[in-house]
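K.L.:
Mind looking at a prediction? Sequence and model below.
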Amino acid sequence: MRQYLDTDLMYNQSGEVFWIDEKGQSIRLIYSHLKQEQDNKASRKLS
């Protein structure tokens, strides 16, 4: 996993993003509805 600069966010090679809390535990973050719609539109354009 890699860390976004100066944040508590980490990401892996699959593109999953995690927030690291004060205890060092990782919590997986989920795409927002807006981001999913943008991804769907982009993939439709490629088809």
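P.N.:
Yes, it's here.
K.L.:
which stretches of the chain aren't confidently modelled?
P.N.:
In the predicted model of the chain, residues 31-47 satisfy pLDDT under 70.
K.L.:
Helices of that one, residue ranges please.
P.N.:
Taking DSSP state H as the test, the helices found in the chain are 33-46.
K.L.:
ok, the closest residue in space to residue 19 that isn't next to it in sequence - how many residues close by?
P.N.:
Distances taken as C-beta to C-beta, 6 or more residues apart in numbering put residue 27 closest to residue 19, at 4.9 Å, once the chain neighbours are dropped. (C-beta placed from N, C-alpha, C; glycine too.) Residues within reach of residue 27, counting by other C-beta atoms under 10 Å, total 10.
K.L.:
repeat for the one 3 residues further on
P.N.:
Using other C-beta under 10 Å, residue 30 has 9 neighbouring residues.
K.L.:
again, but for residue 29
P.N.:
Residue 29, neighbours per other C-beta under 10 Å, totals 13.
K.L.:
Look up the closest residue to it, ignoring the ones flanking it.
P.N.:
In space, residue 29 comes closest to residue 17 once its chain neighbours are excluded; the distance is 4.6 Å by C-beta to C-beta, 6+ apart.
K.L.:
I'd assumed residue 8 was in contact with the one you found.
P.N.:
No: judged on C-beta atoms under 8 Å, residue 17 makes no contact with residue 8 at a distance of 11.0 Å.
K.L.:
Between the two, point out the one with more neighbours.
P.N.:
Just comparing residue 17 and residue 8: by other C-beta under 10 Å the higher neighbour count belongs to residue 17, 16 against 13.
K.L.:
All set, thanks.
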